[in-house]
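Chemist: Sharing a sequence plus its predicted fold:
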Amino acid sequence: MTLNWIYFIGYFNLMLICSFFMSRCARYFYTYNKTIRKFSILDLQFPATPQSLKNLIEGIGLLEGVSKKVFNALRLQLIIDFFFMPGAYLSILFLCLKTASKSGPVGEVFFLVLAYAQLIAWFCDFVENVYLLFKIHAPDEMSKWFFNVYKVLEIAKWGLSSFGLFCSLSALLYFWLRGFFYVEHTIYLLVLIVEIVIFILANKLMNKPVLIEKLKKEGLSYHL
Amino acid sequence: MAKANIKVEDFIADGRVQNVLQKLRAKFGDNYERLVVSDTLDDREKNQYVNLVQKGGGVLGVALVGYTYILEAVGIRFLRLAGTSAGAINTALMTVIDEKNKPKSEKILKYLCEMDFFSFVDGHPFARWLIKNVVSNKSFKKRVNFLIKGLLMALVGLFFMDILFIGFSNFYDWGRVAAITSMVFTGIIMLIMAFMVFYAVYIFEKLKVSGYGINPGNTFLSWIKQRMDENGVSTVAQLNKKASTIPNFEMRPGSNANASSLAGDVTFIVSELVTENKIQLPLMADLFRVDEQNMHPGEFVRASMSIPIFFESHMIRNIPVQEIKIQEAWDKHLKIDKTQIPSTVRFVDGGMLSNFPVSIFYNPKVLEPRLPVFGIDLDDVDPKDKTRNESDKWSLTGYIWKLFNTVRYYYDKDFLEKNLVFKRGIGSIKLFEFNWLNFFLTDKDKLDMFCKGAEAAGAFLENFDWQEYKRLRTEMQINFNQEAQKN
C-alpha cells in the first residue's frame, strides 16, 4: 500500500502549491462597506445573510481604480481553487484509505465511507465555486431557499473533510504509537514535513500583505 | 416597518399613565391651569416653554417618551432641545415632528410601536445570537462555562483512555478496537475545539476589520433617515429651520423680561476620537463639509448613538482640509491649527464624554431665567446593588465597567455639582430592572418603561417650583458675577 502514501504526498503537494497562489491572490481582497475593508474567501463561503454576499461583491465595484484588480484576483483565486480541490479532498481520501487498510473490519468500513465521502465534499466545493464565479459577474441577492442550500453545501464540504482528516489522523497516531508502521515509510513523513516547512517559509517571504496604502498609490479611491 | 402588536392607545390608556394625569389634575386643576413651570408662553394656546436635555441610555430611551408625553399633556413645550445617544434619538424626533407648539410624543409612540429594536442589532448572525443570549438569558454564561469545562474534561478523560486502551491493546483484541475508537473520539473533540478557536479568531478578525464594532448600525441609520425624511427634514438646513421656527412668545404676566431674543435650536452630542473632542452637532457640522447645510442630520443621530464595540464607529471621510472655510471652522470651534485637521473623523457615542449635556444650556449672560432647563435622567443603578460596598471583590468586567462609568459621568456630574440649581430641573426615571442593551424588548417592557417615564414626570412636576428655581438661578449668577469681579 505504499502507493497510497505516494498519492497522498502528491495531492498534498498540489494542495500546498495551490494554497500558496491562492494566498497571493487574497492579498488584494478589499471591498468597500462604509469603509475600505479587507475580506477573505471565508466571507464569500459563509455570508452572514443573503444580502451580505451581494454587498461584498458590489463593494468591490465601488473601489474606483483598483476594483478590476480585486475582481481579477478573486476570479483567479476561484479558478486556482478548482486545482486545489483535488489536492485537498484526494489527499484526505488517500489518508482515509490508508487508515482503512490498517484497521479491523468495522474500522475499515468506517474509514472507507469517510474516504469516499470526500468526493461529496469535492462536489459541494465545486458547485460553490462555480456559483461564486457566476456571482461576481451578476451580484444579485440570493433567495432564502438558495441561501439555506448554500449553507448546507458549505457545512457538508467543511464537515466531511475536517471529520475525515481528524478521524484518520487520530487513528494513524494510534498505529504510530503502537509501532504499526514500516520504518522505510517514515521517509514520507519527512517529505511531508519538508513540504510544509517550505510552504510556510514561501508564504512568509513572498506573500506579504498588500497594504491599503499601496493600493491607494495605485489609484484607489471610493464612492461615498 | 414591523407590524405593531401594541398600539399608541395601549400606552396612553394605561392605568398608570392615567393615574399620573389624574393626580396632576387634582393638584393643578382640570386643565393644569395652576401649573407654573416657565415665564415663556406662546400667545395662542398659552403653552409653557422649557429647554429640554435628554440623557442617553440605550433602549432605556423608551422611558424618555413617557416622560415627555406627560410634560406635553400638561401643556409644556420645548424651545431648545439637546440629547445624547438614546436622548439624541428622542430629541431628533421631537425636533422634526410637526411645529414647536404641537405635542409630538404620540407620533413618537407610533414609531416606537412599529419599531423592531432587534433589527438595529444588524451585525453577524452569530454576534446577534451571542448578544441576545448574554443580555436576555441569565443562565447563558453558566451554560457556556459548562460546555467549555465539559469539552476540556472530555478531552482529558479521552487522553487518559487513549493511554489505558493502548496499553490493553498489546494483550487483548478488544483493547485494539477500544483504543482506535477512543483516539477517533479524541480527534473529534479536538476538531470541535479547533473549530471553536478558529471561529473565534475569524469573528475577532472581522471585528478588527470593522473598527471593533459588532453592528454596522446601517439599519438604524436608514430608520432615522426615513423618519426625518417623512417629516420633511433631509438636510441640516431643514433641521435648523425646524428647530428655530418658534411661535409668537409672550411673557407671563408679572414678568419684566422680554421674549424677543428667545430662539430655538437642537443639539446632538458626539464624541470624536481622532481629535479627542466633544462635538455638538449640527452646530459644528461646518468642521466636516463646505456644504454642511446639505448633510443629512440622520448621520449625526447615528453618530451620537454609536455605543463603542456594540456599534461600529460612525466616520466622516474626505474632509476637504485645504478649504479655507473648513480651516476657519476648526480654528473657531476647536482651536485646531489647519496643519492638524484630520481628513477623517471617527465618532462614537456622545455619552462617552457627556451623556447628560445640561451644561450646554447654561448661559452666564442670563441673570434671571425666562424659562427653566428640564433634564430627564435615566437611572439604572440598582439600589440593592451590594457590589457598591465590595469594591475589593469586583470582577475584571465589573472593574472596567466602573472605570468607564466614572469617566463618562464625571464631566456632567461636575457641572451639576457646581451649579446645583440645575438639579432642580431634573427628573429621574428609575429603570434598574431593565438592561440598557436589551434590544429584545417585549411590548410589555416598552409599556412598563413608558409608564415609569410617565410616573417620574408626574412626580417631578408635583415638586417643581418655578419661582424657587428662578430665584436660585438668579442668586447663583449674581454670586458668580460678584466672584468674577473680585478675581
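Modeler: In hand now; what should we look at?
Chemist: need the helices for chain A, in chain order.
Modeler: Along chain A, counting by DSSP state H, helices occupy A:2-26, A:41-45, A:50-61, A:67-102, A:105-135, A:144-178, A:186-206, A:212-217.
Chemist: so who does B:R128 touch?
Modeler: Going by CB atoms under 8 Å, 6 or more residues apart in numbering or on different chains, B:R128 touches B:F118, B:V121. (Each C-beta comes from the backbone N, C-alpha and C, glycine too.)
Chemist: Where does it sit, in terms of helix or strand?
Modeler: Using DSSP states H and E, B:R128 maps to helix B:125-136.
Chemist: Just want the angle from that helix to helix A:50-61.
Modeler: Counting by axes from the mean of the first three to the mean of the last three CA atoms, to 10 degrees, helix B:125-136 lies at 130 degrees to helix A:50-61.
Chemist: Now the closest residue to chain B within chain A. Nearest residue, chain neighbours left out?
Modeler: As assessed by CB to the nearest CB, chain B sits closest to A:S170 within chain A, at 3.0 Å. Spatial nearest neighbour of A:S170, chain neighbours left out: B:G187 (3.0 Å); criterion: CB to CB, 6 or more residues apart in numbering or on different chains.
Chemist: average pLDDT across whichever strand or helix holds the one you found?
Modeler: Applying DSSP H and E as the criterion places B:G187 in helix B:173-209. For helix B:173-209, the mean per-residue pLDDT is 90.
Chemist: Pull out the buried positions in the helix or strand that comes right after it.
Modeler: Downstream of helix B:173-209, the next assigned helix or strand under DSSP H and E is helix B:218-230. Within helix B:218-230, the residues scored as buried using 16 or more other CB atoms under 10 Å in any protein chain shown are B:F220, B:L221, B:W223, B:I224, B:K225, B:R227, B:M228.
Chemist: Outside of helix B:218-230 itself, list whatever touches it.
Modeler: By CB under 8 Å, 6+ apart, the surrounding residues in contact with helix B:218-230 are A:34, B:89, B:92-93, B:96, B:111, B:115, B:119-120, B:122, B:234, B:239, B:296-299, B:301-302, B:305, B:311.
Chemist: burial of residue 204, as a residue count?
Modeler: Chain wasn't specified; assuming chain A. For A:K204, the tally of surrounding residues (other CB atoms under 10 Å in any protein chain shown) stands at 9.
Chemist: wrong one, chain B
Modeler: The local packing of B:F204 (other CB under 10 Å) involves 11 other residues.
Chemist: picking up where we left off before, which among the buried residues of helix B:218-230 gets closest to chain A?
Modeler: B:L221 (9.6 Å).
Chemist: what does chain A have sitting close to chain B?
Modeler: Within chain A, the residues that sit near chain B (CB under 8 Å from any CB of the partner chain) are A:33-35, A:37-40, A:42-43, A:48-49, A:103-104, A:106-107, A:162-163, A:166-167, A:169-171, A:173-174, A:177-178, A:224.
Chemist: What subset of those residues is buried?
Modeler: Counted by 16+ other CB under 10 Å, the residues of chain A next to chain B give A:33-35, A:37-39, A:43, A:48, A:103, A:107, A:162-163, A:166-167, A:169-171, A:174 as buried.
Chemist: Look at A:E218 and report its pLDDT.
Modeler: 56.
Chemist: Wasn't B:V270 part of a strand?
Modeler: Yes - judged by DSSP: H, G, I helix; E, B strand; the rest coil, B:V270 forms part of a strand.
Chemist: tell me which residues form a beta bridge with it?
Modeler: B:I279, B:D349 (DSSP bridges).
Chemist: what's the distance between it and B:A456?
Modeler: According to CB to CB, to the nearest Å, B:V270 and B:A456 sit 26 Å apart.
Chemist: Of those two, give the one with the bigger neighbour count.
Modeler: In this view B:V270 and B:A456 are compared by other CB under 10 Å, and B:V270 has more residues nearby, 32 against 25.
Chemist: contacting residues around the more buried one?
Modeler: B:K278, B:I279, B:L281, B:F300, B:A303, B:S304, B:S306, B:H314, B:F347, B:V348, B:D349, B:G350.
Chemist: ok, 10 Å please
Modeler: B:84-85, B:88, B:277-281, B:284, B:299-306, B:314, B:345, B:347-354 (CB atoms under 10 Å, 6 or more residues apart in numbering or on different chains).
Chemist: Following element in sequence after the helix or strand of chain B with the lowest mean pLDDT, please.
Modeler: Counting by mean pLDDT, DSSP states H and E, chain B has its least confident helix or strand at helix B:125-136, which shows a mean of 85. Per DSSP H and E, the first helix or strand lying C-terminal to helix B:125-136 is helix B:140-169.
Chemist: tell me what that next one is packed against?
Modeler: Counting by 3 or more CB pairs under 10 Å, 6 or more residues apart in numbering or on different chains; DSSP states H and E, the packing neighbours recorded for helix B:140-169 are helix A:144-178, helix B:125-136, helix B:173-209.
Chemist: can you redo these as CSV with distance to B:S244?
Modeler: Output for the helices and strands packed on helix B:140-169, formatted as CSV (distance: least, CB to CB, whole Å):
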stretch, distance to B:S244
helix A:144-178, 47
helix B:125-136, 39
helix B:173-209, 41
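Chemist: Under a three-state scheme, what state does B:V53 occupy?
Modeler: Per three-state DSSP, B:V53 ends up strand.
Chemist: Also B:Q467?
Modeler: B:Q467 is classified as helix under three-state DSSP.
Chemist: Could I get the contacting residues of it?
Modeler: B:Q467 touches B:V36, B:D39, counting by CB under 10 Å, 6+ apart.
Chemist: Okay, angle between the helix holding B:R128 and helix B:173-209 too, please.
Modeler: 90 degrees.
Chemist: Quick check: buried residues in helix B:125-136?
Modeler: Residues of helix B:125-136 classed as buried: B:A127, B:R128, B:L130, B:I131, B:K132, B:V135 (neighbour count, 16+ other CB under 10 Å).
Chemist: sorry, back to before: return the members of the contacts of B:V270 classed as buried.
Modeler: Buried among those by 16+ other CB under 10 Å: B:84-85, B:88, B:277-281, B:284, B:299-306, B:314, B:345, B:347-354.
Chemist: okay, now the closest residue to chain A within chain B: neighbour count?
Modeler: In chain B, the residue that lies nearest chain A is B:G187 (3.0 Å; CB to the nearest CB). Neighbour count for B:G187, taken as other CB under 10 Å: 23.
Chemist: quick one: it and A:L114 touch, right?
Modeler: No - using CB atoms under 10 Å, B:G187 is not in contact with A:L114; the gap is 11.5 Å.
Chemist: what touches both of those two?
Modeler: A:F163, A:L165, A:C167, A:S168.
Chemist: before we move on, the earlier item: what are the neighbouring residues in contact with the residue of chain B closest to chain A?
Modeler: Residues near B:G187 by CB under 10 Å, 6+ apart: A:163, A:165-174, B:158, B:194.
Chemist: And these, which two are furthest apart?
Modeler: A:Y174 and B:A194 (19.0 Å; CB to CB).
Chemist: Only C-alpha atoms, please: export stretch B:45-55 in CSV.
Modeler: Below are the C-alpha coordinates for stretch B:45-55, written out as CSV (Å, rounded to 0.1, in the frame of the first residue of the first chain):
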residue,chain,number,x,y,z
GLU,B,45,-52.5,78.0,23.4
LYS,B,46,-50.6,79.5,26.3
ASN,B,47,-48.3,76.5,26.3
GLN,B,48,-45.3,76.9,28.7
TYR,B,49,-41.8,76.6,27.2
VAL,B,50,-38.8,75.0,28.7
ASN,B,51,-35.4,73.8,27.4
LEU,B,52,-35.0,70.1,27.5
VAL,B,53,-32.0,67.8,27.9
GLN,B,54,-32.4,64.0,27.5
LYS,B,55,-29.9,61.6,28.8
